[in-house]
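Asker: Quick one, what's the 3D model for this:
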Amino acid sequence: MTGRKRIAALMMTMVCVGMLAACESNETSESQPTATTPVSEATDKPQEAETNESAETDDTAAAYEVLAQELHVPWVITFDEDIVYISEREGNIVKVDGNKMTRQAVHLSKGVHGIGEGGFLGFLLAPDFAKSKLAYAYHTYEEKGRILNRVVLLKQNGEQWDEVRALLEGIPGAANHDGGRMAFGPDNMLYVTTGDAQQRELAQDRNSLAGKILRMSPEGKVPEDNPFPGSYVYSYGHRNPQGLVWNHEGVMFNTEHGPSGDPGGHDEINIIKAGGNYGWPTIYGDDEHEGMITPIYHSGKKAIAPSGATIDESNRILIATLMGGALYRYDPATREMAVLFEGEGRLRDVKIKDGRIYVITNNTDGRGIPSKTDDRLLLLKPIE
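Answerer: Presented below is the predicted three-dimensional model:
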């Protein structure tokens with residue numbers, strides 16, 4: 001090799017080393033690790049950040065299977081037999097049938113207002129969906145300069161969804177704190193969570209639909225046995241309830257975001273009772289006040305931002321978390337909280353079907369650090 005060639009080769013080597021160092025620095029400081037190990041197999045060794053290409057390693061393949069990817073800010077998982085439906089905040093529904101993913105349009109009489117934490121949020125198939133093709137949705141909209149939320153009935157028509165009618169409109173909304181979780185209870189009634197719409201005082205106002213858990217019939221009527229006559233309000237004093245689930249004995253739980261700023265954290269799990277006042281903004285954490293209910297669990301000063309929740313066969317609550325970036329499991333019997341799965345960034349929802357755990361990431365919502373394939377629907381390997 002001539003002297004000129006040696007110098008050129010040396011310069012090229014120095015450039016390549018510099019580029020590799022820069023890439024390593026970016027991966028370490030800005031992105032979440034993409035390889036994940038369930039808690040039952042975790043080691044004390046810290047995981048190193050990896051590039052997107054490393055997502056196909058044996059460790060990652062053992063931890064989960066990717067069922068769908070490149071989702072647009074997904075919010076909820078629901079099932080029709082083996083078909084998975086996922087709502088996207090911009091206003092679509094994604095159908096995942098085996099290896100086929102179809103993005104289906106939703107036609108609404110009032111457009112989706114997708115700013116901040118609002119958008120097309122809750123989505124729930126009717127109990128008789130196989131026959132009726134009906135579903136329920138909760139979405140943010142704008143009317144006369146106000147941000148609001150509404151509950152609507154949809155019908156699937158081929159590869160699209162059309163609004164049948166509105167069940168409830170005018171729920172206060174805002175850029176943040178819009179609630180949006182929907183679930184059918186053991187009593188076959190429809191329950192809907194709403195946020196305080198960044199107006200804290202509304203949570204304590206029983207005449208407002210903000211900061212509440214609402215209960216209605218599948219037709220959108222106020223049930224006669226609701227705790228406050230003529231009102232959809234089932235419980236109140238909520239800040240931003242995000243998860244809603246019942247255990248096998250019919251006990252109702254919710255997950256809820258605690259205060260921001262100082263103090264922060266104090267995210268909650270509550271047992272929900274008809275007519276209960278859950279204290280926001282008067283109390284949080286371990287605070288007590290006459291006529292108000294203290295949570296059975298709170299996260300202390302650490303914020304985990306709990307979102308969707310589900311119940312396992314042992315009556316333990318699995319919780320997807322956003323700031324926590326992990327799937328947590330809380331056992332109400334022992335009051336123990338454990339991390340089951342982490343390393344994939346923000347998690348928005350979790351469901352269990354046929355003993356298998358499904359989660360969706362939420363890294364494309366503007367607060368996460370998305371990979372090239374985010375967001376994704378993941379099927380986790382069995383977790384003890």
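Asker: Number of residues surrounding Val192?
Answerer: 28 (other Cβ atoms under 10 Å). To be clear about C-beta, it is placed using only N, CA and C from the backbone, and glycine gets the same treatment.
Asker: I should have written Lys133 there, sorry.
Answerer: Neighbour tally, Lys133, other Cβ under 10 Å: 16.
Asker: repeat for the one 3 residues further on
Answerer: A count of neighbours around Tyr136, defined by other Cβ under 10 Å, yields 23.
Asker: now Glu268
Answerer: If we define neighbours as other Cβ under 10 Å, then Glu268 has 24 of them.
Asker: what pairs with it across the strands?
Answerer: Glu268 forms beta bridges with Glu256, His298, as assigned by DSSP bridges.
Asker: residue boundaries of the strands in the stretch 51-200 of the chain?
Answerer: 64-68, 74-80, 83-88, 92-97, 100-107, 120-125, 134-143, 146-157, 160-172, 182-184, 190-193 (DSSP state E, counting those that start in this stretch).
Asker: among those strands, which is nearest Arg316?
Answerer: Within the strands of the stretch 51-200 of the chain, the stretch nearest Arg316 is strand 182-184; the backing value is 17.7 Å (Cβ to Cβ).
Asker: other SSEs contacting that closest one?
Answerer: The helices and strands touching strand 182-184, judged by 3 or more Cβ pairs under 8 Å, 6 or more residues apart in numbering; DSSP states H and E, are strand 120-125, strand 134-143, strand 190-193, strand 241-246.
Asker: make it 10 Å
Answerer: The contact analysis (3 or more Cβ pairs under 10 Å, 6 or more residues apart in numbering; DSSP states H and E) places strand 182-184 against strand 74-80, strand 120-125, strand 134-143, strand 190-193, strand 241-246.
Asker: Any idea which of the ones you listed gets closest to Pro332?
Answerer: strand 241-246 (11.4 Å).
Asker: okay, the angle between the closest one and strand 120-125?
Answerer: Relative orientation of strand 241-246 versus strand 120-125 (axes from the mean of the first three to the mean of the last three Cα atoms, to 10 degrees): 10 degrees.
Asker: highest average neighbour count across the helices and strands packed on strand 182-184?
Answerer: strand 190-193 (a mean of 26; mean count of other Cβ atoms under 10 Å).
Asker: Strand partners (parallel or antiparallel) of it?
Answerer: strand 182-184 (antiparallel), strand 212-216 (antiparallel).
Asker: right, so those strands: which one is the most enclosed?
Answerer: Scoring the strands paired with strand 190-193 by mean count of other Cβ under 10 Å, the most buried comes out as strand 212-216, with a mean of 24.
Asker: hmm, who's touching the next helix or strand after it?
Answerer: Remark: after strand 212-216, the chain's next helix or strand is strand 233-236, criterion DSSP states H and E. Strand 233-236 is contacted from outside by 185, 189, 191-194, 202-216, 222-223, 226-228, 241, 252, 254, 270, 272-280, 293, using Cβ atoms under 10 Å, 6 or more residues apart in numbering.
Asker: So which bits of strand 233-236 are buried?
Answerer: Neighbour counts over strand 233-236 (16 or more other Cβ atoms under 10 Å) mark 233-236 as buried.
Asker: Save those residues as CSV, and put in pLDDT and distance to Leu154 too.
Answerer: Shown next, in CSV, are these (pLDDT from 0 to 100; distance: Cβ to Cβ, whole Å):
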residue, pLDDT, distance to Leu154
Val233, 98, 24
Tyr234, 99, 23
Ser235, 99, 26
Tyr236, 98, 28
